[in-house]
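J.: coords please:
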Amino acid sequence: MLVTPSGTVDDKPAQLTNPQKARYTLVDFWFSRCGACIDQFPTLKTLFSQYRRTDFNVVQISIDKKAEVPLWKKTIQQHALPWLQYLDESGKFTSGTLAINAFPSNFLLDQQGKIIRRDVRMDELTKFLAGNVPTSVR
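T.: This next block holds a predicted model:
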C-alpha cells in the first residue's frame, strides 16, 4: 500500500511505505480532538514496545486541519508517540481515496502491504499479535 499524505510532523513532504518491512503494520487514522483515538495510545505504545520493528510497526495518519497542526504536534509530544506520524491536512487522501469517515480507523497490513484486517479493535490486535508473532522486546 503506497499513500501520499501531505507531510510529517517535521513539515516535510511524505510518502508512506513500509521501510522496516514489518511482518505486520498497523496504519492508524486519527485526529487530535478525537478522544477515542487518543484512548488507544496506551495499548498501541505497549504493543509497539513488545515487538521488534521487523515483526510489528505502527504508522499514524492524522486528518487535523492547518489550524489544528500545533495541537497535533502537542498531542504527539504529550503522549510520547514513538512511531512515524503523517498529516493528511486536506483530508483528501483519508476521506476521498480511502473513504474513511469514522475515527479511529485503521488497517492492519501484512509484509506485502496487503490489508488483512480493517478497523481492528485494540483487544483484537493484542490477541492477533500474541497468536501470530513471538513477543520480544527490541
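
J.: is it true that I115 touches N106?
T.: No - the pair I115 / N106 is not scored as a contact, 9.9 Å apart, by CB atoms under 8 Å. Backbone N, C-alpha and C define where each C-beta goes, glycine included.

J.: In terms of neighbours, single out the busier of the two.
T.: Neighbours were tallied for I115 and for N106 using other CB atoms under 10 Å; the higher tally belongs to N106 (27 against 12).

J.: Just give me the neighbour total for the nearest residue to the more buried one once chain neighbours are set aside.
T.: In space, and not counting its chain neighbours, N106 is closest to D28: 4.5 Å by CB to CB, 6 or more residues apart in numbering. By the measure other CB under 10 Å, the count of residues near D28 is 23.

J.: residue contacts, D28?
T.: For D28, the contact set (CB atoms under 8 Å, 6 or more residues apart in numbering) comprises C37, Q40, L44, V58, V59, Q60, I61, P104, S105, N106.

J.: what helix or strand does the third one sit in?
T.: Counting by DSSP states H and E, the secondary-structure element that holds L44 is helix 41-50.

J.: name the helices or strands packed onto that helix?
T.: Under the contact criterion of 3 or more CB pairs under 8 Å, 6 or more residues apart in numbering; DSSP states H and E, helix 41-50 touches strand 56-62, helix 122-132.

J.: Mind listing what's buried along that helix?
T.: For helix 41-50, the buried set under the neighbour-count rule, 16 or more other CB atoms under 10 Å, comprises F41, L44, K45, L47, F48, Q50.
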